[in-house]
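coordinates only, sequence not included:
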């Protein structure tokens, strides 16, 4: 059996067809997305695993897509001692427990316009899982379409999963961000305008994860992450995304680009949009983000509106 | 602090992490319906806790020295809904002074940090703070 998936160049070796709708096919790498229809037709495929990842840790238990497993960004993906992601052995264990093999097509979905699903997607990519997809529209769209939900937690035979060393082509660290900033490299700050301008250190309505200074990394553009999503939680069509990121913000898909937010979660959503929907091949997520930058001694910070180039 | 809240605290603290999550989900499912008289206020955005990531609406009443907390939290936010429900049920009939005396680290004492993660627990502390504040204002 051949494996379906988008390889590192975004090309497809087709097995499941079609995985996406006509509208999705205009994106740079449409195979990174699947529709709710596709998921509904592949619920019991052995080589497909549906993974729900939410902001709310209890939401999966109230009902989820039949056969879907749960992955929590706090309790599963983050190390509880180091400020870092889990190591590759722990990541391998998470996959093994969920019956995921290296060849499994992993489809992520969740609440808040797939915000946390993109975070899980990014983490899977970090550890070298090749075939990852996002269910466009997430949990809200599935529910709105009246599709089935269940509280039955599935069990799958555990697998032998060998995770890869972290792929640092998608993850930026602070020293690299500082060099990138000094060179005038493209930076996208996806937080709210109030956080960007420096009026607030955290998102309105969210707990403050602690930054001693407010503002943004000098030279960064400000595009709140949610501008990439439509009312129904799906991603906006390619031309609308291009109007925002390319025309309005002047970002170039060929350039090294770094996205950041407060703790690296909202920016993983924008990272997904830039890389897979708009074809930015060299975009990284700076997961240290503002809770690191805004606390570092001596690094430059700007306040106010975005600086004009 | 009330007897009911103390009992709930002890129940959570004495349970394993998985049971704590189940208990919280039970509370989420058991949040009483918002009385009809508050519906219009809610539709106009009154009573909304703006510090909270989820749409949380609190309508505390104090009558003859007894607190009654009416609230709405959508089912898509079961964690916050569970916590609000837990407070509404265990503080029902308490004196405003007893509500004011609820310890700030209640959720930590209950062991929710382990059950839901430290980051999320900070958000819940804000909910408790707002409940206490709203009750104090209504008294």
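Looks like it came in fine. Quantities reported herein were computed from a predicted structural model and do not represent experimental measurements.

shaky segments in chain A?
A:1-18, A:201-209, A:308-309 (pLDDT under 70).

for it, which residue occupies the most central location?
residue A:118 (2.5 Å; Cα atoms, centre = their mean).

mind listing what that residue touches?
Residue A:118 is in contact with A:108, A:134, A:268, A:269, A:271, A:272, counting by Cβ atoms under 8 Å, 6 or more residues apart in numbering or on different chains. The C-beta positions use only the backbone N, C-alpha and C, and glycine is treated the same way.

least confident secondary structure element in chain B?
Using mean pLDDT, DSSP states H and E, helix B:118-138 stands out as the lowest-scoring helix or strand of chain B, at a mean of 82.

circling back: for chain B, see how far away the residue nearest to the centre of chain A is.
17 Å (Cβ to the nearest Cβ, to the nearest Å).

my hunch is that that residue is in a helix, does that hold up?
Yes - assessed by DSSP: H, G, I helix; E, B strand; the rest coil, residue A:118 belongs to a helix.

quick one on the thing from earlier: for the least confident helix or strand of chain B, name the packing helices and strands.
strand B:57-63, strand B:66-72, helix B:78-90, helix B:96-100, helix B:106-110, helix B:112-116 (3 or more Cβ pairs under 8 Å, 6 or more residues apart in numbering or on different chains; DSSP states H and E).

next secondary structure element downstream of whichever strand or helix holds residue B:12?
Take DSSP states H and E as the rule and residue B:12 turns out to sit in helix B:3-13. Counting by DSSP H and E, the next helix or strand C-terminal to helix B:3-13 is helix B:17-29.

relative to residue A:190, how far out is the residue nearest to the centre of chain A?
Using Cβ to Cβ, to the nearest Å, residue A:118 is found at 11 Å from residue A:190.

before we move on, what about residue A:107?
Residue A:107 sits at a distance of 24 Å from residue A:190 (criterion: Cβ to Cβ).

got it, and residue A:251?
On the measure of Cβ to Cβ, residue A:251 and residue A:190 end up 12 Å apart.

which one of those two is surrounded by more residues?
Neighbours per residue (other Cβ atoms under 10 Å in any protein chain shown) separate residue A:251 from residue A:190, with residue A:190 holding more: 29 against 21.

ok, now which ones touch the more buried one?
Counting by Cβ under 8 Å, 6+ apart, residue A:190 has contacts A:223, A:224, A:225, A:259, A:260, A:261, A:266, A:267, A:269, A:270.

excluding sequence neighbours, find me the nearest residue to it.
Take residue A:190 and drop its neighbours on the chain: the residue closest to it by Cβ to Cβ, 6 or more residues apart in numbering or on different chains is residue A:225, 4.1 Å away.

tell me who's in contact with that neighbour.
Neighbours of residue A:225 in contact, by Cβ under 8 Å, 6+ apart: A:115, A:190, A:261, A:266, A:267, A:269, A:270.

what about the residues you listed, which are in helices?
Members of these lying in helices (criterion: DSSP state H): A:115, A:266, A:267, A:269, A:270.

phi first, then psi, for the nearest residue to the second one once chain neighbours are set aside.
On the basis of Cβ to Cβ, 6+ apart, the spatially nearest residue to residue A:266 that is not a chain neighbour turns out to be residue A:225, at 4.3 Å. According to degrees, to the nearest 10, the main-chain angles of residue A:225 amount to phi -50, psi -40.

and if you look at residue A:66?
phi -50, psi 130.

my guess is it contacts residue A:147. True?
No - shown here, residue A:66 and residue A:147 do not form a contact pair, counting by Cβ atoms under 8 Å, at 9.2 Å.

how close does residue A:225 sit to chain B?
14 Å.

swap in residue A:236?
For residue A:236 relative to chain B (Cβ to the nearest Cβ), the value is 22 Å.

neighbours of that residue, how many?
17.

contacts only, for it.
Residue A:236 neighbours (Cβ under 8 Å, 6+ apart): A:228, A:229, A:230, A:244.

if we use 7 Å, what do you get?
A:228, A:229, A:230 (Cβ atoms under 7 Å, 6 or more residues apart in numbering or on different chains).

ok, the last one to chain B distance?
Here the distance between residue A:230 and chain B works out to 18 Å (Cβ to the nearest Cβ).

then the second one?
Distance of residue A:229 to chain B, given as Cβ to the nearest Cβ: 16 Å.

is that residue in contact with residue A:113, as I believe?
Yes - under the criterion of Cβ atoms under 7 Å, residue A:229 makes contact with residue A:113 at 4.3 Å.

who has more neighbours, those two?
residue A:113 (25 against 20).

list the buried residues for the helix or strand encompassing the more buried one?
If you go by DSSP H and E, residue A:113 is part of helix A:111-126. The neighbour-count check on helix A:111-126 (16 or more other Cβ atoms under 10 Å in any protein chain shown) flags A:111-126 as buried.

report the next helix or strand after it in sequence order.
strand A:132-135.

ok, that following strand: who's next to it in the sheet?
If you go by DSSP bridges, strand A:132-135 pairs up with strand A:33-34 (parallel), strand A:105-109 (parallel).

give me the distance between the nearest residue to residue A:98 once chain neighbours are set aside and chain B.
Excluding its sequence neighbours, the residue lying closest to residue A:98 (Cβ to Cβ, 6+ apart) is residue A:69, at 4.4 Å. Going from residue A:69 to chain B by Cβ to the nearest Cβ gives 16 Å.
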